[in-house]
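>>> Below are the sequence and a predicted model; questions follow.
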Amino acid sequence: MTPPREPDEPRGAAARRTEAEAVDRVNRAFYEALERGDFELLTALWIAPEDVSYSEDSDEAEDTSISCVHPGWPVLTGRGEVLRSYALIMANTEYIQFFLTDVHISIVADTALITCTENILSGGPAPEEGDELGPLVGQRVVATNVFRRTRDGWKLWSHHASPVLAASETEGDAGEESDETPP
């Protein structure tokens, strides 16, 4: 159901808001699939060759329609490489949880862009003895997710994530020296 239009809302703004909400739902489903280790759902969220129309004279290969950059990894292109990377991540991650902040959504025609900060909490393997959980590690990553509208709704086309380097507490404001002495 489409939410009612506010009296002072310009025409089309309600439709744009509804589209942004649809893209946001798919984006959140992507992160939830990673958290649950749901490879089948994750696979369904990525655009597939049958979702993309290629012109008859195009040399573009069907399996290179998606791309992904994980923090510290090279660019992965093609459905096989990208999905294989997620299978490896899921197989080697005991626990992962994403807290998304700074989410910004832009839509132009049939393409949507989401930028966000992934505040990640992940757990390593548990010690060999005992029922304890492995150590938890926190990390911040900035991500750009690009979606395309298909006949089946919005699908993920590209994911690019880069680590945020934490500034050292001993560094001053942009490395400037101060004449002030700390209290």
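Good, I have the coordinates. Here the structure is a predicted model, which is why all the values come from computation and not from measurement.

>>> which ones are touching E32?
By Cβ atoms under 8 Å, 6 or more residues apart in numbering, the contact set of E32 is D38. Every residue, glycine included, has its C-beta placed from N, CA and C.

>>> longest helix anywhere in the protein?
For the chain, the longest helix by residue count, based on DSSP state H, is helix 13-36.

>>> Next secondary structure element downstream of it?
helix 39-45 (DSSP states H and E).

>>> which parts of that next one are buried?
L42, L45 (16 or more other Cβ atoms under 10 Å).

>>> now swap in stretch 153-162 and tell me
Buried residues in stretch 153-162 (16+ other Cβ under 10 Å): W154, K155, L156, W157, S158, H159, H160, A161.

>>> That stretch: how far from the chain's middle?
Centroid separation for stretch 153-162 versus its chain: 6 Å, with Cα atoms, centre = their mean, to the nearest Å.

>>> just the strands in this protein please.
67-69, 76-77, 95-108, 111-123, 136-150, 153-163 (DSSP state E).

>>> mind putting the ones you listed in TSV, distance to A29 included?
As requested, these are exported to TSV (distance: least, Cβ to Cβ, whole Å):
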stretch	distance to A29
strand 67-69	16
strand 76-77	21
strand 95-108	12
strand 111-123	12
strand 136-150	11
strand 153-163	9
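
>>> so which of the ones you listed gets nearest G12?
strand 95-108 (11.6 Å; Cβ to Cβ).

>>> Now that closest one: buried residues?
Y95, I96, F98, L100, I105, I107.

>>> Flag the shaky bits of the chain, pLDDT-wise.
1-11, 53-64, 125-126, 130, 133, 167-183 (pLDDT under 70).

>>> Look up how far C68 lies from G80.
Separation of G80 from C68 (Cβ to Cβ, to the nearest Å): 12 Å.

>>> quick one: contacts for G72?
So G72 contacts P163 (Cβ under 8 Å, 6+ apart).

>>> Angles on the backbone of it, please.
The phi and psi values for G72, taken as degrees, to the nearest 10, are phi 80, psi 0.

>>> distance of it from N145?
For G72 relative to N145 (Cβ to Cβ), the value is 18 Å.

>>> next one: V108
For V108, the distance to N145 (Cβ to Cβ) stands at 15 Å.

>>> Repeat that for S162.
13 Å.

>>> Surely Y86 touches L45?
No - between Y86 and L45 there is no contact under Cβ atoms under 8 Å: 10.3 Å.

>>> that older thread, of all the strands of the chain, which lies closest to D51?
strand 136-150 (4.1 Å).

>>> quick one: buried residues of that closest one?
Neighbour-count burial for strand 136-150, with 16+ other Cβ under 10 Å as criterion, is recorded at V141, A143, N145, V146, F147, R148, R149, T150.
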